[in-house]
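K.L.:
What would the 3D arrangement of this be:
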Amino acid sequence: MKEITLVPFEGYKYIEGGVCAAKGFKASGTYCGIKKSAVPDGNESPISQTKNDIGMVVSDTVCDAAAVYTQNKVKGAPITVTKANLAKSGGKAKAIIVNSKNANTCNADGEQKANKMCELTASALGIKAEEVIVASTGVIGQILPIEPIEQAVPVLVKELDYNGNEQAATAIMTTDTVKKEIAVEFEIGGKVCRLGGMGKGSGMIHPNMATTLNFYTTDCKISAALLQKALDETVKITYNCLSVDGDQSTNDMVCVLANGMAGNDDITDGSAEFEVFKKALYIAMMSITKMLAKDGEGATKLLEVTVNGADTLDTAITVAKSVVGSNLLKCAIFGADANWGRVLCAIGYADAEFDINKVDVKMSSKAGEIHVCENGAGIEFSEETAKTVLLEDEITITIDLGMGQAHATSWGCDLTYDYVKINGDYRS
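P.N.:
Next comes the predicted model:
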C-alpha cells in the first residue's frame, strides 16, 4: 500500500482537489510524446498514451509567488529561467507549465527551450512570459524536443478545468507509482481558505532542497515576501528532512502561488494569521513529503525518524537526517531486522554535539513498540515482537537525546532489490 496515514490537526480539514482545491485555480495534463521508448523489435514507438507527460496549472488572477530550488551545483535550465522570471515579475506568476520524461539539464540549448515553453504558454493564455513558472523532470543530458510541446500547449489551455488536478498530477510522474496530492481547508479572519498541492518524486531524493518537483496553490491573501518566508521555514522541516537514496537532483523546486481569492485581510509578519497559514503549508508539505518517502523507488515501507530531547532544532534535524539516510538501516528495515546498532552508528556520525550515553531508541508501528536502547546501551527485547512490529509498512524510530526540548522528524524508506533494478536501466 502506498497511501500514507494522514495526521489530524485541529482547525484544519483535509479535502479533495489538490492544486485545484483553492478558488480560481485550473489545471490540465496531456500526453505529447516527449520521450519515445523502444519496443522489442527495435523500432521506436510512443510510450503508453494513458500516461500524461506535460501539465499546466493556471490561476484566474495574478498570484504572489515564492519558490525554493535544488542546491545541486548542476541545475536544470528550467530553474534558471524560473528564477529569472520571478525576479523580473517582482514575485508574481499566473501559470505553471511542467513536463516529465526529459529534465532539460546539461543541454546547450536548455535555457532557450525553457524560455520557449514560457513564451508558448504566455501566448496561449494572453499573459506575460515572466508570469510563467517552468519545470522539467526526467532523464538528464538529452535534448528536449520542443515540437511536441508546441503541439501540446494549445491542448493544455483548451482542457484547463477547475477539476483538472489529477491530470496535472499524473503528468509530472516519472518512476512514481502513484500520484501525490493533498489539500487542506482552514480559516483566517473568518474567511475560509484552502491550500492544495501536488508533488512528484520516487528516486534521486536527498535532503537540501528541493529534492523533488512540488507545486502548491492557495486562495489565501499573502504577500510574496511573507510567502517566501513561510516556504523557507517550512521546507527546512519537511522536504529538507527527506531522503530516499542519498542522490540530490538537479531540477527540483517547490513553488507556491497565492491568488488572494479567499478574501481575507492582508496577513502581517508575526501575526496569529501568519502562523495559521504557515501551519497549513506545513500540513500539506509534510503530507506530500511522507508520500514521496513511501513511494521511494522499490520501497515497501515508509520510515519515519523522530528525534526528541535535542538542545536545538538544528541538532534534532541533523541527527534525524543522519539516521534516515543510513543505507545499512534502510536494508535492516527492509528485512524487518531490529538492528538498533545501525541507528546508534548513524547517530554517532551525525555532525552534531550530544552525549551518546543519554540516548534512548524505540521502534514502533501500528503493530506495537519495542524499546531497544537506553542510555546508549542495548536492552533486552523480544525478537519475535520486533519482527512483528517491523513487518508493517510504516515504521517509526524515536530517538531521545536527553539534552533539551527541541525535536524534529525526517522521512525515508527501506532499500530493496527493486531499487537497483529500477535504476539499472532508467534511461531505457
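K.L.:
Break the protein into its domains for me.
P.N.:
Split into domains by automatic domain parsing, the chain comes to 13-294, 302-424.
K.L.:
Quick check: mean pLDDT of the first one?
P.N.:
Think domain 13-294. The pLDDT scores in domain 13-294 average 90.
K.L.:
what's the spacing between that domain and its chain's center?
P.N.:
Distance of domain 13-294 from its chain centroid, counting by C-alpha atoms, centre = their mean, to the nearest Å, is 10 Å.
K.L.:
before we move on, the earlier item: any chance of TSV for the domains of the chain, columns distance to residue 3?
P.N.:
Yep, even glycine has a C-beta here, placed from its N, CA and C like the rest. Formatted as TSV, the domains of the chain follow (distance: least, C-beta to C-beta, whole Å):
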stretch	distance to residue 3
domain 13-294	8
domain 302-424	10
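K.L.:
Just name the most buried of those.
P.N.:
domain 13-294 (a mean of 21; mean count of other C-beta atoms under 10 Å).
K.L.:
Quick one: end-to-end length of that one, please.
P.N.:
Domain 13-294 has an end-to-end distance of 22 Å (C-alpha to C-alpha, to the nearest Å).
K.L.:
now stretch 308-327
P.N.:
End-to-end for stretch 308-327, by C-alpha to C-alpha: 22 Å.
K.L.:
Would you mind finding the longest helix in the protein?
P.N.:
Criterion DSSP state H: the longest helix present in the chain is helix 272-294.
K.L.:
Output the contacting helices and strands for it.
P.N.:
strand 180-188, strand 191-200, strand 213-218, helix 224-236, strand 302-310, strand 406-413 (3 or more C-beta pairs under 8 Å, 6 or more residues apart in numbering; DSSP states H and E).
K.L.:
how about those in JSON lines, adding distance to residue 393?
P.N.:
Shown next, in JSON lines, are the helices and strands packed on helix 272-294 (distance: least, C-beta to C-beta, whole Å):
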{"stretch": "strand 180-188", "distance to residue 393": "17"}
{"stretch": "strand 191-200", "distance to residue 393": "20"}
{"stretch": "strand 213-218", "distance to residue 393": "23"}
{"stretch": "helix 224-236", "distance to residue 393": "26"}
{"stretch": "strand 302-310", "distance to residue 393": "7"}
{"stretch": "strand 406-413", "distance to residue 393": "10"}
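K.L.:
can you tell which of the ones you listed is closest to residue 153?
P.N.:
Across the helices and strands packed on helix 272-294, residue 153 has its closest neighbour in strand 213-218 (17.5 Å, C-beta to C-beta).
K.L.:
ok, then the element right after the longest strand seen in the chain?
P.N.:
When the chain is parsed with DSSP state E, its longest strand is strand 54-69. Going down the chain from strand 54-69, the next helix or strand is helix 77-89, by DSSP states H and E.
K.L.:
Show me what that next one is packed up against.
P.N.:
Using 3+ C-beta pairs under 8 Å, 6+ apart, helix 77-89 sits against strand 54-69, strand 92-99, helix 110-125, strand 132-136, strand 253-258.
K.L.:
which secondary structure element contains the residue in the chain sticking out farthest from the centre?
P.N.:
Within the chain, residue 380 marks the point farthest from the mean C-alpha position, 38.1 Å out by C-alpha atoms, centre = their mean. Residue 380 is part of no helix or strand when elements are defined by DSSP H and E.
K.L.:
To residue 152, which of the helices and strands packed on helix 77-89 lies closest?
P.N.:
Of all the helices and strands packed on helix 77-89, strand 54-69 comes closest under C-beta to C-beta, at 5.0 Å.
K.L.:
partners of the closest one, with directions?
P.N.:
strand 25-30 (antiparallel), strand 92-99 (antiparallel), strand 253-258 (antiparallel) (DSSP bridges).
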